[in-house]
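[1] A structural model of the following input is requested.
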Amino acid sequence: MRFCPPRNAVGFCVVVRAAVLAGMALGAWRQAVAQTPQQRLTEIIRDTQKQGNRAGRFTLVWWIVPEFWRTALAANGAIPADKIEEMVASIRDINVFAVVDAKMAGFAPEFTSSQELQKDFNVTDSGNELVPLIPEQKQSIATKNMLATMRPMMANMLGEFGKNMLFVVTEGKNKNGSRRIDPTKPGSLVVRLNNEEFHWRLPLGSLLPQKVCPKCNEAFPGNYVFCPFDATPLKERPGVTQ
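    Predicted coordinates:
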């Protein structure tokens, strides 16, 4: 997936490995069939990243859902399925956000510090309730291990932007043990940072089985209900599993 800082950062366009957006020229309605874990990973990254639009700033907020890890590890092909589920289960009770925020000052971006960012960063769920942040000293060993793996990987892939990518962790479960923000069920998520809002309408189509129009045979993300071309009710594509 490509995300680019404002134009004054000439030539500084970051390409995230294994996330080229095939089919973007056709728009979100005419989505290619996710036949491989790599293709599905591309779709998940597209659905979970939001980029700011403030003049003179570059802001990226990436909601790293547990389903991303399941797909990324499956795409790797070297880890047994039971181990993948064990790893994913260890982080299902949290939400992780990777954030890059910088003032674009010529060719030298001025990155927001972790302390400054967490003062202005907040998350609200479908009920418009604030979701508490989990400070580093209260994060689980599994969470700390995951973030320890992510930091050098982001730095290697994204250079200075990766080195200055900050990770924010929030609570992820209700009192009854259910997911507080479930990306596979109807709802919403809003992240606010520096007077800018980043909205996700749920469920995320990339996490659901694809739909197909029985009339025109076009494929659509799993959160579509009707074909936008002929209003025909969509059906799950046979043989496609998530």
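
[2] next, the contact list for the residue nearest the centre of the chain, please.
    What sits nearest the mean C-alpha location of the chain, by CA atoms, centre = their mean, is Thr48, with 2.4 Å. Residues counted as contacts of Thr48 (CB atoms under 8 Å, 6 or more residues apart in numbering) are Trp62, Trp63, Ile64, Val65, Phe68, Pro183, Trp200, Leu204. (C-beta placed from N, C-alpha, C; glycine too.)

[3] now with 10 Å?
    Applying CB atoms under 10 Å, 6 or more residues apart in numbering, we find Thr48 in contact with 1, 61-65, 67-68, 97-98, 183, 200, 204, 206-207.

[4] got a PyMOL select line for the buried ones in those?
    To isolate the buried members of these in PyMOL, using 16 or more other CB atoms under 10 Å:
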select buried, resi 1+61+62+63+64+65+67+68+97+98+183+200+204+206+207
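
[5] which of the contacts of Thr48 sits closest to Ala155?
    Ala155 lies nearest to Ala98 out of those, by CB to CB, at 12.1 Å.

[6] just to revisit the earlier point, gap between the residue nearest to the centre of the chain and Asp182?
    Here Thr48 is placed at a distance of 14 Å from Asp182 (CB to CB, to the nearest Å).

[7] ok, and what's touching the longest helix seen in the chain?
    Counting by DSSP state H, the longest helix found in the chain is helix 141-158. For helix 141-158, the external contacting residues (CB under 10 Å, 6+ apart) are 3, 14-18, 60, 62, 64, 69, 86-87, 89-91, 93-94, 96, 98, 100, 134, 136, 139-140, 161-167, 169.

[8] next one: that helix to chain centre, how far?
    Taking CA atoms, centre = their mean, to the nearest Å, one finds helix 141-158 lying 15 Å from the centre of the chain it belongs to.

[9] any idea of the mean pLDDT in the next helix-or-strand element following it?
    Next in sequence after helix 141-158, counting helices and strands by DSSP states H and E, comes helix 160-163. Helix 160-163 carries an average pLDDT of 92.

[10] all numbers from here: first residue = 693
    Will do, 693 is the new start, and the previous item becomes helix 852-855.

[11] show me the strands in this structure, by range?
    Under the criterion DSSP state E, the chain contains strands at 694-695, 706-707, 741-743, 749-756, 786-797, 800-803, 814-816, 858-863, 879-885, 888-894, 903-904, 911-912, 927-928.

[12] for Pro772, find the nearest of those.
    Counting by CB to CB, Pro772 lies closest to strand 749-756 out of the strands of the chain; the figure is 22.2 Å.

[13] each with direction, which strands does that closest one pair with?
    strand 741-743 (antiparallel), strand 786-797 (antiparallel) (DSSP bridges).

[14] what comes up buried for the last one?
    Going back to what we said before, that points to strand 786-797. Ile786, Asn787, Val788, Phe789, Ala790, Val791, Val792, Asp793, Ala794, Met796.

[15] pretty sure the third one is touching Val757, no?
    Same thing as Val788. Yes - in this structure, Val788 is within contact of Val757 by CB atoms under 10 Å, at 8.3 Å.

[16] common neighbours of the two, please.
    The contact lists of Val788 and Val757 share Gly864, where a contact means CB under 10 Å, 6+ apart.

[17] sketch out the low-pLDDT regions of the chain for me.
    693-727, 931-934 (pLDDT under 70).

[18] phi first, then psi, for the residue of it positioned farthest from its centre.
    Ranking residues of the chain by C-alpha distance from their mean position (CA atoms, centre = their mean) puts Lys907 at the top, at 32.0 Å. Note on Lys907: its backbone torsions stand at phi -90, psi -50 [degrees, to the nearest 10].
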